[in-house]
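> Dropping a prediction and its sequence here:
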Amino acid sequence: MTPNGYLQLAFYVVVLIAASVPLGAYMANVYEGRSAATRLGAPLERLIYRLCGINPGEEMHWTRYALATLWFSLFGVLAVYALQRFQAFLPLNPASMGAVSPDSSFNTAVSFATNTNWQGYGGESTMSYLTQMLALTVQNFVSAASGMAVLVALIRGFARQSSPTVGNFWVDLTRGTLYILMPLSFVLALVLVSQGMPQTLSAYHTVPQVESVEFDKPKLDKAGQPLKDDKGNPVTEKAIQKEQVIAVGPVASQIAIKQLGTNGGGYFNVNSAHPLENPTPLSNFLEVLAILLIGAALCHTFGRMVGDKRQGWALQAAMAIIFVVLLAVCAGAEQAGNPALSKLEVDQTASAVQPGGNMEGKETRFGVVNSALWATATTSASNGSVNSMHDSYTPLGGLVPMWLMQLGEVIFGGVGSGLYGMLVFAIVAVFVAGLMIGRTPEYLGKKIEAYEIKMSAIAVLMPLIMVLGGTAVAVMLEAGRAGVANPGAHAFSEILYAFSSAGNNNGSAFAGLSANTPFYNTALGVAMWFSRFWVMIPVLALAGSLAAKKKVPAGLGTLPTHTPLFVFFLIGVVVIVGALTFIPALALGPVVEHLVLYGAK
């Protein structure tokens, strides 16, 4: 990698950490009602509560908080499903889009309500303007705010003592949306529009091409799936293209919250590789910065709300170390290029006249370094957006984003969900440390006992079950194997990646998998739902249990949780759990593929 590449990566990390500190302080003040923004917005906030029949002064037991979260998310699923099914009869549909199929509507509804934003459809060819705005963009806001609300409830569990309540879900949801997500999205959307991103309700533009193009296009069956002959080869038919339709729409408003809320659902089919969804190097930098910004800042929100800023720095340090190491592996593997091409004496060395490395599936305007940075950032967060084709990465380059998801999306992670996942690992870490010295473990003055460990175990194990169980079912069934586009180890990697993405609420894909089928739409939808809420509920149970406890003064045997020792101990727990769980599966996919690639003659 060139010095310029190192400089770009270092610049990104420095800006991310520097920007996270003031934003984290601001968010702590918002949730505690001490921000200037909450004072200025108090009349609007009170109006919202009055219209919705909410008593903002009434706090909730954790069970009631969990029920409010579940009911709100279920309503979101039903609303998004209905809008897709009836969009042909609704306004703001200039391209006359028809109804989305039932299985795809189910998958998309669950996907956006769970902050996964897995997309088995082409946005510009499937969704009307109304569906993009009212169904998808709205869920981008509220699903992100729901994750942040659950985190804030858990933080209160650590901060309070002898309390039967953990806050009010509706207040936390409203403040997260009104004072954090909306202002940041508004500013980012304006900047993206200045870079050339569309923000319009006008119809798609049809323009003549300079030259007509004749090509072979796949022949589709009645269900819209590619036909294959007896040998399994795709059936094609001749077509001539004389005009090009340029899709536009309310793009910037959706892209801003897509990144800030770690949603990842793109307006266009190719996501942030599309020139109208990511027009310039500046838009690329701002979008990839937005992916991790709130997740990184919430570490400092945590430190301030529990009254010890060092705790937030410790958690952010653990996340940053894993992120930087795996970023270096991904960028290095892609910059090294394809060994099969090296054996053909193809020059893959970066120079003044070429980017070098593995450029397959990557935009030339972003190159290897910015593509690898995006791939690592988007899978560190539960974002799922892409500016390159992960399916075209080298085996080790593709292993990094896959494993980052399999770690539980706790390396910065989704807004709210990433940090509460890391706090679950922190509880496990102090429990293991307590076993080593024969002492009841404590974290932030709260004793970690059997109940907390049981809830932590459920939160850690549920995504693992969804990923490995779903992959096993898919490779055993013909419906699962029919979706892969490549033979051998890479086919297994495509399936494993899909369930790793759905089972950890990420949303990115290798994209070599034809996932818009009844089997994958249903299976991945189930995985997304259970992985989201079978983690949220144990986390809220932890919040309730911890809030009810009294704080124990630190003693000589208390493990300090703000020191470098604990940071590396926490990293060890996260990595070991991820490694022990997924190395056998990874060995069947990217590891085998890597050995075959480098062993080929």
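Noted; the coordinates are in hand.
> By residue count, tell me the biggest helix in this protein.
When the chain is parsed with DSSP state H, its longest helix is helix 518-548.
> got the buried residues for that helix?
Buried positions in helix 518-548, judged by neighbour count with 16 or more other C-beta atoms under 10 Å: 519-548. Where you see a C-beta, it was placed from the backbone N, CA and C, and this is true even at glycine.
> and the helix or strand that it is followed by, what other elements does it pack with?
Later in the chain than helix 518-548, the nearest helix or strand by DSSP states H and E is helix 564-586. Applying 3 or more C-beta pairs under 8 Å, 6 or more residues apart in numbering; DSSP states H and E, we find helix 564-586 packed against helix 309-336, helix 395-406, helix 417-437, helix 450-476.
> show me what contacts the closest residue to residue 213 other than its chain neighbours?
Once flanking residues are discounted, residue 213 sits nearest to residue 241: 4.7 Å by C-beta to C-beta, 6 or more residues apart in numbering. When contacts are counted by C-beta atoms under 8 Å, 6 or more residues apart in numbering, residue 241 is found next to 209, 212, 213, 214, 215.
> so residue 76 is in which element?
Per DSSP H and E: residue 76 is located in helix 62-85.
> Determine the angle, from 0 to 180 degrees, between that helix and helix 518-548.
160 degrees (axes from the mean of the first three to the mean of the last three C-alpha atoms, to 10 degrees).
> Just after helix 62-85, pick out the following helix or strand.
Counting by DSSP H and E, the element after helix 62-85 in chain order, helix or strand, is helix 102-113.
> Give the buried residues for whatever helix or strand comes next after that next one.
Toward the C-terminal end, the helix or strand that comes next after helix 102-113 (DSSP H and E) is helix 123-126. The neighbour-count check on helix 123-126 (16+ other C-beta under 10 Å) flags 123, 124, 126 as buried.
> roughly how far apart are the nearest residue to residue 464 once chain neighbours are set aside and residue 453?
Nearest residue to residue 464, sequence neighbours excluded (C-beta to C-beta, 6+ apart): residue 581, at 5.3 Å. According to C-beta to C-beta, to the nearest Å, residue 581 stands 18 Å off from residue 453.
> cool, and residue 160?
Distance from residue 160 to residue 453, by C-beta to C-beta: 21 Å.
> Which one's more surrounded, those two?
residue 160 (20 against 15; other C-beta atoms under 10 Å).
> dump the residue contacts of the residue nearest the centre of the chain.
Among the residues of the chain, the one closest to the centroid is residue 382, at 1.7 Å (C-alpha atoms, centre = their mean). By C-beta under 8 Å, 6+ apart, the residues touching residue 382 are 115-116, 262, 264, 409, 413-414, 417-418, 504-507.
> if you count residues, which strand in the protein comes out on top?
Determined from DSSP state E, the single longest strand within the chain is strand 205-218.
> What residues of the helix or strand just after that one count as buried?
The C-terminal neighbour of strand 205-218 among helices and strands, as given by DSSP H and E, is strand 236-246. Going by neighbour count (16+ other C-beta under 10 Å), nothing in strand 236-246 comes out as buried.
> in its sheet, what does strand 236-246 sit against?
strand 205-218 (antiparallel) (DSSP bridges).
> Most neighbours among the contacts of residue 382, which one?
Result: residue 262 is most packed of the contacts of residue 382 (other C-beta under 10 Å), 38 neighbours.
> Just confirm that residue contacts residue 380, I think it does.
No - with contacts counted by C-beta atoms under 8 Å, residue 262 stays clear of residue 380, the gap being 9.6 Å.
> list residues touching both of these two?
residue 413.
> Just the CA atoms of the lowest-mean-pLDDT helix or strand in the chain, as PDB, please.
Lowest by mean pLDDT, DSSP states H and E among the helices and strands of the chain is helix 339-342, with a mean of 83. Only the C-alpha atoms of helix 339-342 are listed here, as PDB (Å, rounded to 0.1, in the frame of the first residue of the first chain):
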ATOM      1  CA  PRO A 339      -2.100 -14.300  -7.100                       C
ATOM      2  CA  ALA A 340      -3.600 -16.000 -10.100                       C
ATOM      3  CA  LEU A 341      -3.000 -12.800 -12.100                       C
ATOM      4  CA  SER A 342       0.500 -12.400 -10.700                       C
END
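> any idea of the angle the helix or strand that that helix is followed by forms with helix 395-406?
Reading on from helix 339-342 to the C-terminus, the next helix or strand found by DSSP H and E is helix 367-380. Counting by the same axes, to 10 degrees, helix 367-380 points 20 degrees away from the direction of helix 395-406.
> State the mean pLDDT of helix 367-380.
The pLDDT scores in helix 367-380 average 95.
> and that helix, what does it pack onto?
Here helix 367-380 touches helix 3-31, helix 281-305, helix 309-336, helix 395-406, going by 3+ C-beta pairs under 8 Å, 6+ apart.
> Please name whichever of those is nearest to residue 230.
helix 395-406 (32.1 Å; C-beta to C-beta).
> quick one: contacts of the closest one?
With C-beta under 8 Å, 6+ apart, helix 395-406 has contacts from 326-327, 329-330, 333-334, 358, 372, 375-376, 378-380, 390-391, 393, 411, 467, 493, 496-497, 500-501, 504, 506, 508, 510, 578, 581-582, 586, 589-591, 593-594, 597.
> could you redo the last one with a cut-off of 6 Å?
Contacting residues not belonging to helix 395-406 are listed as 326, 329-330, 333-334, 375, 379-380, 390, 497, 500-501, 504, 506, 578, 582, 590, 593-594 [C-beta atoms under 6 Å, 6 or more residues apart in numbering].
> go on, stretch 17-34?
Stretch 17-34 has contacts (C-beta under 6 Å, 6+ apart) with 35, 38, 152, 175, 179, 180, 296, 297, 300, 301, 304, 305.
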